[in-house]
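Asks: sequence first, then the predicted structure, then my questions.
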Amino acid sequence: MTTKPRSCSASPANSISLMKPTRRQLLAGATAIGGGVLASTLTGGRSFAAGRKTLKVMSWEQFQPGEKDGWNAVFDKFNQSQSEYEVEWTGWPAGQYISNVVIQAQAGGIDADVLMAMPDLAAQVIRKFKLAEPLDPIVSDLGITPSGGHDFLREDGKLYGLSAIDVNFALVYNKALFAEAGVEPATDQDGWVDTTAKLTNRPDQFGIALTNNISDGGEWWFQLQNFCLPYDGKWAEGKTPLANSPETVKGLELWKRLYEAGVPQGTAQSAIMKLTADGRVAQAFGVNPTVVVLRATNPEIYPDLLSAPPPWPSKRSLDRIHPLMALKSSKHVDGAMEFIKFTMQPDIMAALMEKNLYVIPPYDLAAKSESFKNFLADKPWVSGFQEAKQVSPIDVMGDFAYVDDQFGRIVMQNFQRAMQPGGSVKDAMDAAQKQLEALSAKL
Amino acid sequence: MSATLLPEQRASARSAADRAAALGAVLRAALILIVCFVVLFPVYWMVLNAIQPGEFSLTWPPALIPRGLEWSNFARLFEDKPIVEWLLMSTYVAAIVVVVTLIVVVPAAYALSRLRWRGRNLLGLFLLFTQIMPGAMIVAPELTLFRAFGWTDNLTMLALLHAAFVVPLCTWILKASFDAVPGEIVEAALVDGCNHWQTLFSVVLPLTRPGLVAVSVVAFFFSWNEYLFSSALITRSGLYTGSLGLATLITQLDTPLFVLMAAGVTFSVLPILFYLAIQRHILRGLTAGAVKG
């Protein structure tokens, strides 16, 4: 049997009408509310002072709970210091930052006047996309000498970035838990594994915080990248990957021994940080902002935190300079230069570093700022970071610095197999080496 | 030769069949339970960690039943982040996507289902082909295009882009729904003097409302969850949709785990309510035309 319409104006299916008007009202109401909010955002969002030009600073720092206030203070001071520009944030959280900036660059330019960048991204912006403006006039105007770690920001003798945040790796440890176990921070590789085992009492206490989950890929590689250094290896030399070199394999075997001795295995990085803040992890191999985060999560743990240099003879660890760069594509290059120069002034930089607990200055700030000198003297936990010998990621990654993410993913995906009991690091890195050689052909 | 079973043998055979049926039912139930567990446990874990005090979430063995209630994660979320604004932005974008998708998809599906014209099959395949291209491949060209027209940081244009992505799939879903309408009904309408627009709106659409609902759901959920293009095209924090806002909770070294769980729960509420309101139509819509009699 079929239903036959009587006329074109008829609605034969009224009897099987299934939609309720309330749902329409819901959608219409949601649209109206959304439209209202959007309209208010669009009309109310632009509160710039009349006549000021907007300077966009692209960064991830506005999302960092322990650091955004310090940066907002710098922005406020800059906005008050002159009447031509108003500086505002743009960007994404750290996890999505590099990919989004690269997408922008590939689409023809970066929608900002000033760019803050991770080291590998900075290298790409300078050498691959050629979007950065030389900052040498700022250096000479301020009479500063940028730290040695700035070398990777130079091209043809010109400097294209000045460090806004400089972080390096060392051993952050909880002195109360060390005292309870009767151990001291390790000074060599084997001692590190032994100490970690003594500090571990699963599942209540863990010897060391090491990111170990592929879902935390970026954070894991950030840390794992250091493990070519314990035996003086490198990940690559020029276009030649060295993932299966004896030095790198031994470094990763050290990581695996630590993992077996005292890591919260299979735990998300955010949960490991929470455990550390709760005083349930005795040491972390991390950057100095780790201390900032632990203090923010649990202020009571802060007095117990100290640092020691990387526990291997060379004490070399990665030093990650995150520079501020003025972008060539900016309509306000002068404004971008002015903002960077303002930020680099000793009193402004010192206030930022003190507020955010940054301890590695972009230049010899302690010589120019009494306040910063006193700040450092008052921080017993910085000594390990200061003793670490700094190595740039560019120095250990060769030409792969431009494809750092892909390199890291290949290493981690293969290394995961080695983490199984009885898994061979050498076999995993042999497999990674083949994939990295294929990647080198695309460089 | 015919065999006659004795009453005891018949009873025994029946008993064996009953046992097999019972075993089958048990296995089926076990499989359903396993699948439900795999699918639902992460959701349960998210809700559990959002509502119970944090110290119980990082213990071993983990607490699988709430050992207390604590709403501080939600309080912190609503205090620190403009989550209501994010959800309203998402609703605004998703609502436009649903409306635009329906406007485009209804005539397109009708043309593919009921009209005979040269290139019909080719266009249908071409629509499917657009779905093969990974988003990551076209995000940079899209950004170039949006910049050229000054459409970046514009939620309405973002919604139109979302609609463009979802239209091909929805066209096929609705085409299947239109295909299921008996041809005699359409022909009768045409014989009675209806043109195709009248046939579509007066006859076909009222009979395919489940299909329309299914299309709305697909469009809504796609837009609600979309992140890649939103993050490339929207950089002003005042215009963040829910997916962009949630991502701001995942920061370097310092992700507030339980607040993130609370955000996940909050972000899920509206789609769940939307789904509950229309779920009885969805299966009918998605399976319309799957079996033709």
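Replies: Everything's here; your move. Residues are numbered from 1 along each chain as shown, chains lettered A, B, ... in the order given.
Asks: in a helix, that's where A:Lys442 is, yeah?
Replies: No: with DSSP: H, G, I helix; E, B strand; the rest coil as the criterion, A:Lys442 is located in coil rather than a helix.
Asks: for it, what are phi and psi?
Replies: phi -90, psi 0 (degrees, to the nearest 10).
Asks: could you pull up the residues touching it?
Replies: By C-beta atoms under 8 Å, 6 or more residues apart in numbering or on different chains, the contact list for A:Lys442 reads A:Val403. Where you see a C-beta, it was placed from the backbone N, CA and C, and this is true even at glycine.
Asks: which pLDDT value goes with it?
Replies: You'll see A:Lys442 listed with a pLDDT of 81.
Asks: how close does it get to A:Asp405?
Replies: Using C-beta to C-beta, to the nearest Å, we find A:Lys442 at a distance of 13 Å from A:Asp405.
Asks: would you map the strands across chain A?
Replies: Remark: strands of chain A, listed N- to C-terminal, are A:53-58, A:85-90, A:114-116, A:132-133, A:154-155, A:158-159, A:162-174, A:206-209, A:236-237, A:240-241, A:281-287, A:305-308, A:316-327, A:389-391; assignment by DSSP state E.
Asks: neighbouring strands - and their directions - for the second one?
Replies: Strands that pair with strand A:85-90, judged by DSSP bridges, come out as strand A:53-58 (parallel).
Asks: now do the buried residues in the strand it pairs with.
Replies: The neighbour-count criterion (16 or more other C-beta atoms under 10 Å in any protein chain shown) identifies A:Leu55, A:Lys56, A:Val57, A:Met58 as the buried residues of strand A:53-58.
Asks: out of those residues, who's nearest B:Ser177?
Replies: Taking C-beta to C-beta as the measure, B:Ser177 lies nearest A:Met58 of the buried residues of strand A:53-58, at 45.8 Å.
Asks: hmm, the closest one is touching A:Val125, no?
Replies: No: A:Met58 is not in contact with A:Val125 according to C-beta atoms under 8 Å; the separation is 10.6 Å.
Asks: okay, and the common contacts of these two?
Replies: In terms of C-beta under 8 Å, 6+ apart, A:Met58 and A:Val125 are both contacted by the residues A:Val101, A:Ile110, A:Leu115.
Asks: show me where the stretch 1-150 of chain B has its helices.
Replies: B:7-51, B:72-80, B:83-114, B:120-129, B:135-149 (DSSP state H, counting those that start in this stretch).
Asks: swap that for the stretch 51-200 of chain A, sorry
Replies: Counting by DSSP H, counting those that start in this stretch, residue ranges of the helices within the stretch 51-200 of chain A are A:68-81, A:94-106, A:119-123, A:136-142, A:175-181, A:189-198.
Asks: the closest residue to chain A within the stretch 101-250 of chain B: neighbour count?
Replies: With C-beta to the nearest C-beta, the shortest gap between the stretch 101-250 of chain B and chain A falls at B:Pro206, namely 3.2 Å. Burial of B:Pro206 is recorded as 19 neighbouring residues (other C-beta atoms under 10 Å in any protein chain shown).
Asks: can you confirm it is in a strand?
Replies: No: the secondary structure assignment for B:Pro206 gives helix rather than a strand, going by three-state DSSP.
Asks: wait, isn't A:Val394 in contact with A:His150?
Replies: Not Val; residue A:394 is Ile. No: taking contacts as C-beta under 8 Å, A:Ile394 lies outside contact range of A:His150: 11.1 Å.
Asks: count the neighbours of the closest residue to chain A within chain B for me.
Replies: Nearest to chain A in chain B, going by C-beta to the nearest C-beta, is B:Tyr92, at a distance of 2.5 Å. Using other C-beta under 10 Å, B:Tyr92 has 26 other residues around it.
Asks: buried set for the one helix or strand in chain B whose mean pLDDT sits lowest?
Replies: Least confident helix or strand, chain B: helix B:257-287 with a mean of 82, by mean pLDDT, DSSP states H and E. Along helix B:257-287, these residues count as buried under the neighbour rule (16+ other C-beta under 10 Å): B:257-268, B:270-271, B:274, B:278, B:281-282, B:284-286.
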